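[1] Got a sequence here, can you model it:
(one chain, ligands or ions: 3)
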Amino acid sequence: MYARVIVDVPSKQTNRPFDYKIPPTLKDWVEVGSRVGVRFGPRMIQGFVVELLEQSEVDDRKLKSIESVLELQPSLTEELVELAKWMSRRYLCNEITALQVMLPGALKAKYEKYIALAEDSGSDSLTNDPLHAKGEMQNEIIHFIKKKQTVEMNELLTRFPNASMLIKKLIINEILIETQNIKNRVSTKKVLMVYPPDNITMLEGYKQELSKQAHKQLEVLQFFIDQPKPIQLSELTKRLNTSSSSIKSLASKQWLKLESTEIYRDPYQKHDFKQSYPLQLTEEQEKVFQTIRQTIHAKRQQLFLLHGVTGSGKTEIYLQTIQQCIHQNREAIVLVPEISLTPQMVERFKSRFGDLVAVLHSRLSAGERFDEWRKIQQKKVKVAIGARSAIFAPFTNIGLIIIDEEHETSYKQQDNPKYHAVEIAKMRSKAHQAAVILGSATPSLETYYESHQSTMQYLPMPSRVAGRAMPTVQVVDMREELKEGNRSMFSRPLHQAIEDRLNKKEQIVLLLNRRGYSTFVMCRSCGHVVSCPHCDISLTYHMNTRHLRCHYCGYAERESSSCPSCSSEHIRYFGTGTQKVEESLTSHFPGIRVIRMDVDTTSEKGSHEKWLNQFRDQKADVLLGTQMVAKGLDFPKVTLVGVIAADTVLNLPDFRAAEKTFQLLTQVSGRAGRHQLPGEVVIQTYNPDHYSVISASHHDYTSFMRTELQSRKQGIYPPYCKLILITFSHENMNLLVRTGESFSEYIKRQQLPSIIDVLGPVASPIPRKKDRYRFQCLIKYRGGWETIHLVHKAVSSLENTVKQTKLQVSVDVDPQMLM
Ligand SMILES: Nc1ncnc2c1ncn2[C@@H]1O[C@H](COP(=O)(O)OP(=O)(O)OP(=O)(O)O)[C@@H](O)[C@H]1O
Ligand SMILES: [Zn+2]
Ligand SMILES: [Zn+2]
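    Ligands and ions are numbered 1, 2, ... in the order given. Just a heads-up that it's a prediction; the model follows:
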């Protein structure tokens, strides 16, 4: 038998399977998806078995054998192995990179150097030299290694601190050899468990046998008579306030069993989740639920767009459709944006499904994440909820995949493999004949368009639960405020509304969007944003050189002290930090209690949760923060939402800027008045006439979408085309320009009918990173594989340049950001 193995060496030359022999001893263990240890060149490395073969085309004598199998149960399923193959073609990445991204970090191989005796070291004759002073030390070392078989280099040096030269010599003389061992980064956790005998009635008899003086042992036996269940040794000693020796002596009599057992590190161990039960669905919910239920029961692959306004009860739909899935003994994956993996979201799933839920996200420790993942792999759970990479949960019988806040950019990975979770969901649902629910109050234009153009089914939920009203929205023109002499960052309407809530003891959410912080220059009098005369984007302010620069064409001008449009002097680079807003709040409203949530205050593990709990318990009046306060939160006392500056996203150099603005404003507005109390929203902006602001203020997705689709159609942007972004980077600008131009020529020369346009090369929006210049080409095409294959060919043709000059080429298929 033979195995084809993808090895853990991410390079173009090794991006193909290599054949290995399967030794008879490992025959039963090697499966597709197994991680194995193999020799590759001089090294021992990890690899993934992607195929089993009866025959290899390679000459048998040239083939090496698999050295070891790193696990009893394969880490990956055949389905995932196939998916990785597809990903490497689709996203132009190495297959090993795609395989690795599917596994928890704990399973990334860690290579450790070990020292062992060479098989034929002749060590006996060498060391029997009593005259040699060094002989003794050498003897000792060899003896030490012999006893342990292999010793880690570090351990050896600690044991024999003065022998490093000698050890080196022994290695050179091939008496000792260096070997490499592959280890997981995190291992499973084992604890000692105490088990009562299978036949509990025996315990009474044992008690009689013990001497009356053996108080502790008697107590232990009594403990198991009262509750005949296994318990952790450490827990038992703590409860009975005894040492482990009494338990060990009972175990040595074989009255109790003491055994090392694997346990899961449970990040939610301390939480007490109160069981929740399915709510009576509203009419709107019921209709949607029935449609999805039928598909799940028919075991049909089907995509749904669940377009439900904020507070329409999408989560209850998720919970009840998952229930259907579990009834069928199938599994469900739920993706939520990292940011909304708040305890609130987790709690709703844990409360309904308890121990059937595994949670995967980056705030867990590596060990915790590994254990949650193993619960999935070992079929201990039915539901996996997590951020982007949870889409690779190694379930084998998936009935439903849910992607909440479908429009979020975080579903696209920015590093290799640059996959999009929605696309992976579609692939997996095909493999499992599963339903996919894409849920959002503000679907991305692309998904919305798809739901009207393809077999994706559109499921609207246009009203809030229980007839609750959408909040009223007031748009405040900040130019007017300044004209009237108000220079504070709070407009008069917002100021008044805050005061009102403080009096009524209701709560406030304030959003300060930090994206695009301090980067563009705007006139506070007329709202004019300084933009490039040659391109349709705002110029970016460079603090250090006090220049404004266009990131598309390189045009630059000096910072100016007055507005080129109205000559006002209130022109400045824009952006306010959350800290500054906090200061301003406390000075305007003495005694106000503010919780500030941004990257600075939430870096600590668990801090996110702590702040939200405090806010829920009404220990603060205001929750002030960046995007992380905009999504998913559901607090009954919040009746006011304020947006300090709506424009920060609007001025980003990105064709999705309007869409992002609309989504953010709608999402954050949706935090207000979700329960009995009605909600109010105040949006402060310098662009009150912009259609994204107006539509958001009217909760009018449809009209926003119409206008936006029109403009995308005109400029030919998605959904009216597909994009591939190719970024080149190098220290030498000339080389970059030359390479970029020949690349773009190469593409154009092929005259593929599916290619609409090749833009660039131009400088990237971030033109220099870590002392490397960056240039990019943007290809607009009609979809399909033809263009992707061509780009692959074009990139491959640069391979020599890449090798000789260390040029870097990065390809992003369907980029979410053009930076
Ligand atoms: N059928 C129902 N009956 C009563 N209350 C419900 C029902 N369905 C949902 N709710 C409640 O309505 C509120 C809003 O629901 P939910 O949070 O699921 O909305 P959502 O659509 O996910 O909103 P968002 O997109 O803003 O996160 C929640 O407090 C939820 O418990
Ligand atoms: Zn320009
Ligand atoms: Zn002006």
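[2] Now do stretch 348-366: distance from first to last residue.
    24 Å (CA to CA, to the nearest Å).
[3] where's it relative to the chain centroid, distance-wise?
    Between the centre of stretch 348-366 and the centre of its chain there are 15 Å (CA atoms, centre = their mean, to the nearest Å).
[4] and it with ligand 1, contact?
    No: using CB under 6 Å from any ligand atom, stretch 348-366 stays clear of ligand 1, with a minimum separation of 8.0 Å. Any C-beta I mention is one placed from the backbone N, CA and C, and that applies to glycine too.
[5] For the remainder of this discussion, apply numbering that starts at 41.
    Yes, from this point I'll number from 41; that puts the last item at stretch 388-406.
[6] list the buried ones in that stretch?
    388-393, 396-401, 403-404 (16 or more other CB atoms under 10 Å).
[7] What of stretch 84-92?
    Residues 84, 85, 86, 87, 88, 89, 90 are the ones in stretch 84-92 that count as buried (16+ other CB under 10 Å).
[8] So which bits of the stretch 191-340 of the chain are right by ligand 1?
    Checking the stretch 191-340 of the chain against ligand 1 by CB under 6 Å from any ligand atom, the hits are 319, 320, 321, 322, 325.
[9] Tell me which residues touch the fourth one, please.
    When you say that, I think you mean residue 322. 353, 505, 506 (CB atoms under 8 Å, 6 or more residues apart in numbering).
[10] Model confidence score at residue 85, please.
    Per-residue pLDDT puts residue 85 at 87.
[11] Nearest residue to it in space, please, no chain neighbours.
    Among residues not flanking residue 85 along the chain, residue 48 sits closest, at 4.9 Å (CB to CB, 6 or more residues apart in numbering).
[12] related to what we said a few turns ago, out of the buried residues of stretch 388-406, which touch ligand 2?
    Among the buried residues of stretch 388-406, no residue is within reach of ligand 2 (CB under 5 Å from the ion).
[13] In helices only, show me these.
    Cross-referencing those against helices under DSSP state H gives 388, 389, 390, 391, 392, 393.
[14] where exactly do the helices run in the stretch 191-340 of the chain?
    In the stretch 191-340 of the chain, the helices defined using DSSP state H, counting those that start in this stretch lie at 193-199, 204-212, 242-249, 255-266, 273-280, 284-292, 323-338.
[15] What helices and strands are in contact with the second one?
    Which is helix 204-212. Other helices and strands packing on helix 204-212, by 3 or more CB pairs under 8 Å, 6 or more residues apart in numbering; DSSP states H and E, are helix 173-188, helix 193-199, strand 216-224.
[16] Quick check: of the contacts of residue 322, which lies closest to residue 825?
    Distance to residue 825 across the contacts of residue 322 (CB to CB) is lowest for residue 353, with 39.9 Å.
[17] residues touching that closest one, list them.
    319, 321, 322, 325, 501, 504, 505.
[18] Just the buried ones out of the residues of the stretch 191-340 of the chain next to ligand 1, please.
    Buried among these by 16+ other CB under 10 Å: 321, 322, 325.
[19] still on that earlier bit, now the ones in helices among the buried residues of stretch 388-406 in a markdown table, with pLDDT and distance to ligand 3?
    A markdown table is the format used below for these (pLDDT from 0 to 100; distance: CB to the ion, whole Å):
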| residue | pLDDT | distance to ligand 3 |
| --- | --- | --- |
| 388 | 91 | 48 |
| 389 | 93 | 50 |
| 390 | 92 | 53 |
| 391 | 93 | 53 |
| 392 | 96 | 54 |
| 393 | 95 | 56 |
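[20] Name the SS class of the residue nearest to residue 403 when sequence neighbours are not counted, please.
    Counting by CB to CB, 6+ apart, residue 403 lies nearest to residue 645, which is 6.1 Å off, once chain neighbours are set aside. State at residue 645, reduced to three classes by DSSP: H, G, I helix; E, B strand; the rest coil: coil.
[21] Would you mind giving me the confidence score for residue 645?
    73.
[22] Hmm, it is touching residue 402, no?
    No: using CB atoms under 8 Å as the test, residue 645 is too far from residue 402 to be in contact (10.3 Å).
[23] coming back round to it: any idea which of the buried residues of stretch 84-92 is closest to ligand 1?
    residue 88 (38.1 Å; CB to the nearest ligand atom).
[24] Closest to residue 212 out of the buried residues of stretch 388-406?
    Once CB to CB is applied, the member of these that ends up nearest residue 212 is residue 404, at 45.4 Å.
[25] pLDDT and distance to ligand 3 for the contacts of residue 353 - can I get that in a markdown table?
    What follows is the contacts of residue 353, written out as a markdown table (pLDDT from 0 to 100; distance: CB to the ion, whole Å):
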| residue | pLDDT | distance to ligand 3 |
| --- | --- | --- |
| 319 | 94 | 52 |
| 321 | 96 | 53 |
| 322 | 95 | 49 |
| 325 | 97 | 49 |
| 501 | 96 | 43 |
| 504 | 90 | 40 |
| 505 | 90 | 45 |
